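**Student:** Give me a model of this one.
(one chain, ligands or ions: 1)
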Amino acid sequence: MNNPLSKFRTICEVLREINDICQGTENKDRDIRIKLAECEGMAKKMSRQLLEYNKDFIEEHFEGNEDLYKDWKRRKKKGYKMIVESKLETIANKIPSMGGREIGKYLREYASQVKSNFSIVEVGAWLGAGTAQICLGILEGKNNVPLFVYDRFFASKSEIEKAGKQGVKLKPKQNTLKVVSKFISNFNCRVKFNRCNITAIKKYKGSKIGMYVDDASKSSDKFKHVMKIFKKHFVPGETILVFMDYFYFEWSGHGEKHKYQFNYMQGNKEFEFIKRLLPDKSAAVFLYRGKK
Ligand SMILES: C[S@@+](CC[C@H](N)C(=O)[O-])C[C@H]1O[C@@H](n2cnc3c(N)ncnc32)[C@H](O)[C@@H]1O
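**Tutor:** Next comes the predicted model:
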């Protein structure tokens, strides 16, 4: 590693390096094992002072339980932090993810702020990790907005592998919509799934779009198509767009193939760049400004 700042990397950046190695180098296994050991060490350091409690458990048992409370006070003095999850957060965090969980806090924040007469559109949901985070945001914001989800919901070979590593077994060519809708039914939100090829979406029939999340239309044909279908439903000064793989071209090694969204946005005054999202900074957020 030549980068002099490399010793300051985060665990997510090391994981990204593993991902890069997986894309193809010699000595893959050995290189990956070294990086995984590095990640494990970093995770141990991070988690040494982290306690994870379930919110329902806390509500039921913590308040009245002297021993637990004393234990927490003792640890707190030593700098421990506590993660408190609700049951729904636990469900959301268990859904296999290709990014939605990792940027969940942003998806939740934006979704919670969508006005109740608007809708949210998600293109490219895979197994619903981002969908679940959006639902959490809708519940937090109590805006009850409908969520329109588009995906082919079809398990490809690489997706079966990725899901398997995260604890969900899929079969070749499986229709994944059943799996996804089962996960998402827990949230009791107004989610409308559309199982289709992106380029075959004919019409969007929802209300104005307050938030648009896209993790699928990276090539020019798909992106042109979704813009044709959805852009007319964006609201100037209101619609937040999250492109989950916007900066992927920086490390994908495929250059222009993954750069269409970036090229489209450059110098495009209709969209204002807001920020890159952590943890791996692939995602970008824009605000639709509309035609001047
Ligand atoms: C990177 S994954 C999405 C990951 C998801 N956002 C998450 O957070 O886990 C991309 C998804 O886009 C879908 N997709 C890609 N091209 C598509 C197309 N032409 N039509 C429909 N879905 C497509 C894939 O089926 C896959 O589920």
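
**Student:** hey, where'd the strands end up in this structure?
**Tutor:** 50-54, 81-85, 119-123, 147-151, 191-195, 209-214, 240-243, 271-277, 283-288 (DSSP state E).

**Student:** Output the third one as PDB, nothing but the C-alphas.
**Tutor:** Meaning strand 119-123. Taking C-alpha atoms only, strand 119-123 is exported to PDB below (Å, rounded to 0.1, in the frame of the first residue of the first chain):
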ATOM      1  CA  SER A 119     -44.200   9.300  -2.200                       C
ATOM      2  CA  ILE A 120     -40.800   7.500  -2.100                       C
ATOM      3  CA  VAL A 121     -39.400   5.500  -5.000                       C
ATOM      4  CA  GLU A 122     -36.700   2.900  -4.700                       C
ATOM      5  CA  VAL A 123     -35.100   1.300  -7.800                       C
END
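
**Student:** What distance do you get for Glu270 to the ligand?
**Tutor:** Computed as C-beta to the nearest ligand atom, to the nearest Å, the Glu270 to the ligand distance reads 24 Å. (C-beta placed from N, C-alpha, C; glycine too.)

**Student:** Can you tell me the number of residues neighbouring that residue?
**Tutor:** Glu270 has 15 neighbours, counted by other C-beta atoms under 10 Å.

**Student:** so it touches Gly290, yeah?
**Tutor:** Yes - under the criterion of C-beta atoms under 8 Å, Glu270 makes contact with Gly290 at 6.1 Å.

**Student:** thinking again about what came up before, now the strands of the chain in TSV, with mean pLDDT, distance to Gln174 and mean neighbour count?
**Tutor:** Putting these into TSV (pLDDT from 0 to 100; distance: least, C-beta to C-beta, whole Å; neighbours: other C-beta atoms under 10 Å) gives the following:
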stretch	mean pLDDT	distance to Gln174	mean neighbour count
strand 50-54	72	31	13
strand 81-85	78	29	13
strand 119-123	98	20	26
strand 147-151	98	13	25
strand 191-195	98	12	17
strand 209-214	98	24	26
strand 240-243	98	27	24
strand 271-277	95	30	15
strand 283-288	97	27	20
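
**Student:** Can I get those in TSV including distance to Gly253?
**Tutor:** As requested, the strands of the chain are arranged in TSV below (distance: least, C-beta to C-beta, whole Å):
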stretch	distance to Gly253
strand 50-54	35
strand 81-85	35
strand 119-123	24
strand 147-151	25
strand 191-195	31
strand 209-214	22
strand 240-243	19
strand 271-277	20
strand 283-288	19
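
**Student:** and Ile18, which of those is closest to it?
**Tutor:** strand 283-288 (18.9 Å; C-beta to C-beta).

**Student:** For the ligand, tell me whether that closest one is touching it.
**Tutor:** No - counting by C-beta under 6 Å from any ligand atom, the ligand is not contacted by strand 283-288; separation bottoms out at 9.9 Å.
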